[in-house]
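> Provided below for reference: sequence and predicted model.
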Amino acid sequence: MIRFRLIFAVLLCSISGIAHAAAPDTHFDGAKALEYTRQFVAIGPRWVGSPGHVKAEAFLRKQFQHDQLEVDTFTTNTPAGPMEMHNYIVKFPGKKDGVIVLATHYETNYPLRTINFVGANDGGSTTGLLIEMANHFRGRTLDGYSVWLVFLDGEEAVKSWSTSDSLYGSKHLAAKWQSDGTLKRVKAFLLADMIGDKDLDIYRDRNSTPWLLDLVQQAAAHFGYQSYFFAQENQIEDDHLPFVQRGVPSADIIDLDYGYDNAYHHTVDDTMDKLSAKSLTIAGDVFLETIRLVNQR
């Protein structure tokens, strides 16, 4: 009987060890990211210069009040005249010399300021994603590169999209970081845009760095998420471009097919009911795994 119990105990420990080894990866909490998105979008329209924009900035400062938060304030000329804008940078230090940037824009479209456009997916979902992402980095020194979460202002055009009327925050930050030497430390710039869509379909962007997109695809395969990534290609102008143009490895992770024939994009229908925690979980998992893979290079 004693021998049987000993054998049973050994077998139980072995089975437990196997089960532990085979346990799935801990997933990003898309439900929490969705809740942060809901709180942020409840502010309402947040176009540059609006009361909602001021509230959005206060919301971000509150989320990161105990972190290493930097505010990059600048004034830029636009078709509507000079505008003051603010980029927010939250820094989580790592042991390796270098930085991985995960970025989004947070404001809403200025030309749509009269239609109660709240940008749930377009600016909202990725803001919620990054706020929850901070919970994975907070309170410890990261084993790999430092991770900086960047909330960019002024991505949207003020009058109509053009090279000169768009990407105000990313243009300013890329130029600033080039001037002060920061850009040389950036190992990868990962941009999240419009990835809360229930019907997730992320494009492969021809303006992005191919090897970094390959790592994103590898990260998606790690979780069995291949079907959500890169079935379609496009050449996308987004906040990664000022960094690409300065030689920074960059990837735009964006779902440009928002509703049938992109029907919800830049309309009053870009609302919370179009988003899902599952899509945010998928995006969060892939970003975290991509960061891990960049650290291994």
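In hand now; what should we look at?
> residue closest to the middle of the protein?
The centre of the chain sits closest to residue 192, judged by CA atoms, centre = their mean, with a distance of 3.5 Å.
> Name the helix or strand for it, please.
Taking DSSP states H and E as the criterion, the element that holds residue 192 is strand 186-193.
> What is that strand packed up against?
Contact partners of strand 186-193 among helices and strands, from 3 or more CB pairs under 8 Å, 6 or more residues apart in numbering; DSSP states H and E: strand 94-105, helix 126-137, strand 250-254, helix 277-296. Just so you know, the C-beta spots here come from the backbone N, C-alpha and C atoms, and that holds for glycine as well.
> Where does pLDDT dip in the stretch 1-150 of the chain?
Applying pLDDT under 70 to the stretch 1-150 of the chain picks out residues 1-25.
> ok, now with 50
Across the stretch 1-150 of the chain, the stretches falling below the confidence threshold (pLDDT under 50) are 1-24.
> Which stretches in it count as helices?
With DSSP state H, counting those that start in this stretch as the definition, the stretch 1-150 of the chain shows helices at residue ranges 2-21, 30-41, 51-63, 126-137.
> Check which residues of the last one are buried.
Okay, so that is helix 126-137. Residues of helix 126-137 classed as buried: 126-134, 136-137 (neighbour count, 16 or more other CB atoms under 10 Å).
> quick check: angle from that helix to strand 186-193?
Relative orientation of helix 126-137 with respect to strand 186-193: 140 degrees, computed using axes from the mean of the first three to the mean of the last three CA atoms, to 10 degrees.
> now helix 126-137 against strand 250-254, angle please.
Counting by the same axes, to 10 degrees, helix 126-137 lies at 120 degrees to strand 250-254.
> gap between helix 126-137 and the chain center?
Here the centre of mass of C-alpha atoms in helix 126-137, compared against the chain's by CA atoms, centre = their mean, to the nearest Å, lies 8 Å away.
> And it, what does it pack against?
For helix 126-137, the contact count by 3+ CB pairs under 8 Å, 6+ apart identifies helix 30-41, helix 51-63, strand 81-92, strand 94-105, strand 142-152, strand 186-193, helix 277-296 as packing neighbours.
> Against which helices or strands is the helix or strand following the fifth one packed?
Note on strand 142-152: by DSSP H and E, the next helix or strand toward the C-terminus is helix 168-180. Applying 3+ CB pairs under 8 Å, 6+ apart, one finds that helix 168-180 makes contact with strand 68-78, strand 81-92, strand 94-105, strand 142-152, helix 241-244.
> can you do 10 Å?
The contact analysis (3 or more CB pairs under 10 Å, 6 or more residues apart in numbering; DSSP states H and E) places helix 168-180 against strand 68-78, strand 81-92, strand 94-105, strand 142-152, strand 186-193, helix 241-244.
> For the fifth one, buried residues please.
Along strand 186-193, these residues count as buried under the neighbour rule (16+ other CB under 10 Å): 186-193.
> Max pairwise distance over the residues you listed: which two?
Between any two of those, the greatest separation by CB to CB is 20.4 Å, found for 187 and 193.
> any idea which of the helices and strands packed on strand 186-193 is most buried?
strand 250-254 (a mean of 26; mean count of other CB atoms under 10 Å).
> Note down every partner strand of that strand and its orientation.
strand 186-193 (parallel) (DSSP bridges).
> Now do the strand it pairs with against strand 142-152, angle only.
50 degrees.
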